[in-house]
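>>> Provided below for reference: sequence and predicted model.
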Amino acid sequence: MNFRAYRTAFAVHARQVSRYRGAAIGGMVTQAFFGVMLVALYSALAGEGELLRQTATYVWLQQIFFRAFFTTGGEINEQIMSGSVCYSLLRPIDLHFWCVCREMAAKIVGVSMRILPMFLIQFILPENWRMLPPNSLVGFIQFFLSLLIGFCVIAQVNMITAAVTMRTLDNKGFSGLINLVMMILSGNIIPLTLAPERLQAILRWQPFAQMLDAPIRMYLHTASLGEWALSFGVQLAWLVGLTLFSRALWGHNIRRIELQGG
Amino acid sequence: MQTQENIIEVSGLTKRYRRSKGGKGFLGLFRRETEIIEGLTDCSFSVNRGEIVGLLGPNGAGKSTTVKLLTGILTADSGDCRVFGLTPWLERRKAAAHLGAVFGQRMQLWWDVPILDSFRLLRDIYAVPEGKWKRRLDELTDALELQNLLQTPIRQMSLGQRMRAELCGSLLHEPELLFLDEPTIGLDAVSKLRLRDFLKRENADRGTTILLTTHDMSDMLALCPRVLVLGRGRLLYDGALDALLRRYDTLHTLRCIFDRETTLSGLPASVRVQREDEAWTLTFAPAEIPVGEVLEKILSSGKVRELTLKEQDSDELVARMYGDMKLA
């Protein structure tokens, strides 16, 4: 396989996303607002102390990496709706992997642009509402690795959404639904760490928790080697499963295009 | 010396589309009827290396289907299709390296990155060595006058600029076979002429084989010595454009103005004579009565001040041809 093409796709798309400064600023304002609202809410509910600091940290990390949830947007959807996606088949590339590279570029660059300002915003807040530093260096490294897998998991869910769009030719219905489910089950609206213990035992293993929840837990508590291996394994298992599923959907769609035209 | 190598060989190619109609009434929500549409029926032809072949036909005739089958985007229902010896839909990625394509109404370059970035992507997709790519890019940007546009994304370009950029993108990997689907659609006269010149040179210098679909007869006349006429999914004509035109180009129009009031007489009934103020218009078929004979009659009738001979408009001609083939 010719990897140079995918690498360039990544680089070009990264540069493209880095041009959208307006979108980045808009996004940050929204996420900062949500961050403050949520932290204010939890501080009213939970009062002060360790739980609030941890919850505030969870909320801020979710907001900082929020951009990763969304698909790079426009182009592939537009191509799907206009039918020109079939002309992409003309190129000697693996379309699925190609799109994943673009998604990853958008996520990594989009998030990188937001990290520093989002981090700085907190210093205008009362100390209780700010995020904590990572629990330890090891925890931070675990967090970082887990975060990368989390992004890949999100990218595969985005690809599944795109595959459904290809079938229904409507990018609102299913993606609206899946985004809502994703926001709730990933812990973006209510931290999964706040759920009752027994519910958490279930919530932790579902695919959406592998996106940001699993890495954030590493950030908050340095995992023992066993815990880490388990969490990492579950993340990887979901990543592999979702990748196989989304590739199957794409393969099926492409065969349909081949039979029916664009 | 041109080698007579068939790079496209098609025989008995057939493609049907199934389209769901959506049943009637409430039950229709659950039960769908499908109707079968003939995209292409039993089509056979071949194309030699270095040819420029035009695909002609009204909307829905099967031109796009043919192109999509040849590029491997679509899978045929039956028949044999070889492009560079490969069956395109089975070995699409392998065949793709030899192919370039421009679809006039669909942009293939990436919408909001500078075209130079798109060209770099294409370089890597087709694994073109850096030096070769650079040389080819210089050559193409020169010929297509894109030097000042390399940093501009497609979305900020005019239609003519887009088409030139697309063309450049499709030729960077030096494909041996180029598909053009209505490349001059919406272009102004100057851009059209430039594009045609470029295509002719590309064909002459590199021997690039070109398969062109267009509704624009002037494109055909300028570029394609040979045409395939498709209608309702069937191949109706495969041969020289000249011969096709001669078959339908039966009517000539002579318009003349005499110095003095004259009467025109002695012309056979097959010549239709119309008069508007002082101008006479004679419509006739050269096959039935030679142009010279009509001219003689006119010249002997009086002193001629103005005389113009008009061949039939090519668009009218195509309309007549479609009418004759029962396509219109």
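The structure has been received and is ready for your questions.

>>> And what about B:V273, helix, strand or coil?
Here B:V273 is recorded as strand under DSSP: H, G, I helix; E, B strand; the rest coil.

>>> How about it: what's its closest non-neighbour residue?
In space, and not counting its chain neighbours, B:V273 is closest to B:L282: 5.6 Å by Cβ to Cβ, 6 or more residues apart in numbering or on different chains. Backbone N, C-alpha and C define where each C-beta goes, glycine included.

>>> Then A:Q206?
A:L185 (6.1 Å).

>>> how many neighbours does whatever residue of the stretch 151-262 of chain A ends up closest to chain B have?
The stretch 151-262 of chain A approaches chain B most closely through A:E258 (4.4 Å), counting by Cβ to the nearest Cβ. Neighbour count of A:E258, defined by other Cβ atoms under 10 Å in any protein chain shown: 18.

>>> Same check on A:L236?
Around A:L236 there are 14 other residues, counting by other Cβ under 10 Å.

>>> quick check, it in a helix?
Yes - applying three-state DSSP, one finds A:L236 inside a helix.

>>> That one is in contact with A:L148, isn't it?
No - counting by Cβ atoms under 8 Å, A:L236 sits too far from A:L148 to count as a contact (11.3 Å).

>>> So for the two, which residues contact both of them?
Common contacts of A:L236 and A:L148 (Cβ atoms under 8 Å, 6 or more residues apart in numbering or on different chains): none found.

>>> Can you name the residues that contact B:V271?
B:L282, B:T283, B:F284, B:I289, B:V294.

>>> Okay, it and A:N128: tell me how far apart.
The gap separating B:V271 from A:N128 is 101 Å, by Cβ to Cβ, to the nearest Å.

>>> Show me the shaky parts of the stretch 1-150 of chain B.
Applying pLDDT under 70 to the stretch 1-150 of chain B flags residues B:1-4, B:20-33.

>>> can we see that at 90?
The stretch 1-150 of chain B contains residues with pLDDT under 90 at B:1-6, B:16-39, B:56-65, B:68, B:71-75, B:89-97, B:102-114, B:143-145.

>>> Any residues of it in contact with chain A? List them.
Proximity of the stretch 1-150 of chain B to chain A, by Cβ under 8 Å from any Cβ of the partner chain, involves residues B:17-18, B:39, B:65, B:68, B:71-75, B:89, B:92-94, B:96-97, B:99, B:101, B:103, B:106-108, B:110-113, B:117-118, B:120-121, B:123-127.

>>> Can you flag the buried ones in those residues?
By neighbour count, with 16 or more other Cβ atoms under 10 Å in any protein chain shown, the residues of the stretch 1-150 of chain B next to chain A hold B:17, B:39, B:65, B:68, B:71-75, B:89, B:92, B:96-97, B:99, B:101, B:103, B:106-108, B:110, B:113, B:117-118, B:120-121, B:123-126 as buried.

>>> Of the residues you listed, which belong to strands?
B:Y17, B:G39, B:L99, B:A101, B:F103 (DSSP state E).

>>> Tell me, please, where in the stretch 201-328 of chain B the pLDDT is lower than the cut-off.
Applying pLDDT under 90 to the stretch 201-328 of chain B picks out residues B:214-221, B:229-234, B:236-237, B:241-328.

>>> hey, where'd the strands end up in it?
Remark: strands assigned in the stretch 201-328 of chain B by DSSP state E, counting those that start in this stretch are B:209-213, B:226-231, B:234-240, B:252-258, B:272-276, B:279-284, B:304-310.

>>> list the helices and strands the host helix or strand of A:A214 packs on?
A:A214 belongs to helix A:213-220 when assigned by DSSP states H and E. If contacts are counted by 3 or more Cβ pairs under 8 Å, 6 or more residues apart in numbering or on different chains; DSSP states H and E, helix A:213-220 sits against helix A:50-64, helix A:137-168, helix A:225-260.

>>> Mean pLDDT for those helices - can I get that in CSV?
Formatted as CSV, the helices and strands packed on helix A:213-220 follow (pLDDT from 0 to 100):
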stretch, mean pLDDT
helix A:50-64, 90
helix A:137-168, 91
helix A:225-260, 90
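
>>> Point out the most buried one among those helices.
Comparing the helices and strands packed on helix A:213-220 by mean neighbour count (mean count of other Cβ atoms under 10 Å in any protein chain shown), helix A:50-64 comes out on top with a mean of 22.

>>> packing partners for it?
Against helix A:50-64 (3+ Cβ pairs under 8 Å, 6+ apart) you get helix A:21-46, helix A:95-121, helix A:213-220.

>>> for those, which one sits closest to A:T8?
Among the helices and strands packed on helix A:50-64, helix A:95-121 comes nearest to A:T8, with 9.2 Å by Cβ to Cβ.

>>> Sketch out the helices for chain B, chain order is fine.
Listed in chain order, the helices of chain B (DSSP state H) span B:63-71, B:92-96, B:115-125, B:130-143, B:159-171, B:189-206, B:217-223, B:241-248, B:291-301, B:314-324.
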